[in-house]
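Engineer: here's a sequence, model it:
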Amino acid sequence: MAAIDESRKEQIRRVAVKLFRDRGYAGTSVRDIAEAVGIQGGSLYAHVNSKDDLLWDIVNHSADRFFEKLSPIFAQDQAVMPRLRQAIIAHVGVITNDLDAAAVYSTEWRHLSAERRALFAARRDEYEQMFRGLIREGMEQRLLATADEVFASLFVLSSLNWVYQWFKPDGKLTGDELGKMMAEYIFDGLRRRLS
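Structural biologist: Residues are numbered from 1 along each chain as shown. Okay, here's the model as predicted:
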C-alpha cells in the first residue's frame with residue numbers, strides 16, 4: 001500500500017509541477033491538480049496537506065538536486081577552474097533534466113508562506129555561497145579577472161538559471177553540451193581568438 005501511495009504522491013507532484021509552470025502557482029487550484037491526476041478534489045488531501053506543501057516539496061526537491069550535484073564538486077581537492085567548470089555543467093544539467101521543476105524553483109517560490117520563503121532563501125543563499133567560494137578562489141589565484149565575487153556569482157547563476165526559458169530537450173544540444181558551452185562563454189566570453 002505504501003508503494004502505491006508513494007507513486008500517487010509522485011504523480012501528484014509531477015502534475016503540480018507542470019501546472020505551476022504553465023499556469024503559475026496562483027493560477028492553479030487544488031481542484032485543477034486533482035482533475036489532472038484523475039481524482040476528486042477532496043481526495044487529493046489524502047496524499048498532500050495543502051497546495052503550499054506541494055510547492056514546498058517541489059522547490060525543496062529541486063534545491064536538493066542542486067546541492068547533490070554541487071557538494072561533491074565543491075569538496076574535491078582539485079584545481080579551482082576545473083571545479084568551477086564542473087559546477088556550471090552540473091547546474092545546467094539539473095535545470096535541463098527537469099525544465100518544469102527548474103521553472104517553478106526559479107519563479108514560484110515567492111508564493112510560499114513567509115516562514116517557508118525564509119527557509120528557501122537560506123538554502124538558496126547557501127548554494128550561492130558555494131558558487132561564490134569557487135569564484136573567490138579563482139580570483140585569489142588570479143585566474144579570474146573579476147573584481148567583485150558577489151556580482152560575478154550573480155552573473156554566472158543568473159545566466160545559468162535562465163536556461164529553463166529557452167532550452168529545448170529535442171534541440172541541437174544536449175543538456176551536458178549546453179553546460180560545457182555555457183562554461184566556455186562564461187570563462188572566455190565571445191571574444192575572437194587571435195591565431
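
Engineer: okay, the lowest-mean-pLDDT helix or strand in the chain in PDB with CA atoms only?
Structural biologist: Ranked by mean pLDDT, DSSP states H and E, the weakest helix or strand in the chain is helix 2-23, scoring a mean of 84. Taking Å, rounded to 0.1, in the frame of the first residue of the first chain, the C-alpha atoms of helix 2-23 are listed here in PDB:
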ATOM      1  CA  ALA A   2       2.900   2.400   0.800                       C
ATOM      2  CA  ALA A   3       4.300   1.900  -2.700                       C
ATOM      3  CA  ILE A   4       1.000   2.800  -4.200                       C
ATOM      4  CA  ASP A   5       0.800   5.900  -2.000                       C
ATOM      5  CA  GLU A   6       4.300   7.000  -2.900                       C
ATOM      6  CA  SER A   7       3.600   6.600  -6.600                       C
ATOM      7  CA  ARG A   8       0.400   8.600  -6.300                       C
ATOM      8  CA  LYS A   9       2.300  11.300  -4.400                       C
ATOM      9  CA  GLU A  10       4.900  11.400  -7.100                       C
ATOM     10  CA  GLN A  11       2.200  11.600  -9.700                       C
ATOM     11  CA  ILE A  12       0.600  14.500  -7.900                       C
ATOM     12  CA  ARG A  13       3.900  16.200  -7.500                       C
ATOM     13  CA  ARG A  14       4.700  15.900 -11.300                       C
ATOM     14  CA  VAL A  15       1.200  17.200 -12.200                       C
ATOM     15  CA  ALA A  16       1.600  20.100  -9.800                       C
ATOM     16  CA  VAL A  17       5.000  21.000 -11.200                       C
ATOM     17  CA  LYS A  18       3.600  21.100 -14.700                       C
ATOM     18  CA  LEU A  19       0.500  23.100 -13.800                       C
ATOM     19  CA  PHE A  20       2.500  25.500 -11.600                       C
ATOM     20  CA  ARG A  21       4.900  26.100 -14.500                       C
ATOM     21  CA  ASP A  22       2.100  26.500 -17.100                       C
ATOM     22  CA  ARG A  23      -0.400  28.500 -15.100                       C
END
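
Engineer: so how far is it off the chain centroid?
Structural biologist: Computed by Cα atoms, centre = their mean, to the nearest Å, the chain-centroid distance of helix 2-23 equals 18 Å.

Engineer: check which helices and strands it is in contact with.
Structural biologist: When contacts are defined as 3 or more Cβ pairs under 8 Å, 6 or more residues apart in numbering; DSSP states H and E, helix 2-23 sits against helix 30-37, helix 51-75, helix 99-107. Using the backbone N, CA and C atoms, a C-beta is placed for each residue, glycine as well.

Engineer: list the buried ones in the first one?
Structural biologist: Of all the residues in helix 30-37, those buried under the rule 16 or more other Cβ atoms under 10 Å are Val30, Asp32, Ile33, Ala34, Ala36, Val37.

Engineer: TSV please, covering those residues and showing pLDDT.
Structural biologist: As requested, the buried residues of helix 30-37 are exported to TSV (pLDDT from 0 to 100):
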residue	pLDDT
Val30	90
Asp32	92
Ile33	93
Ala34	90
Ala36	93
Val37	90
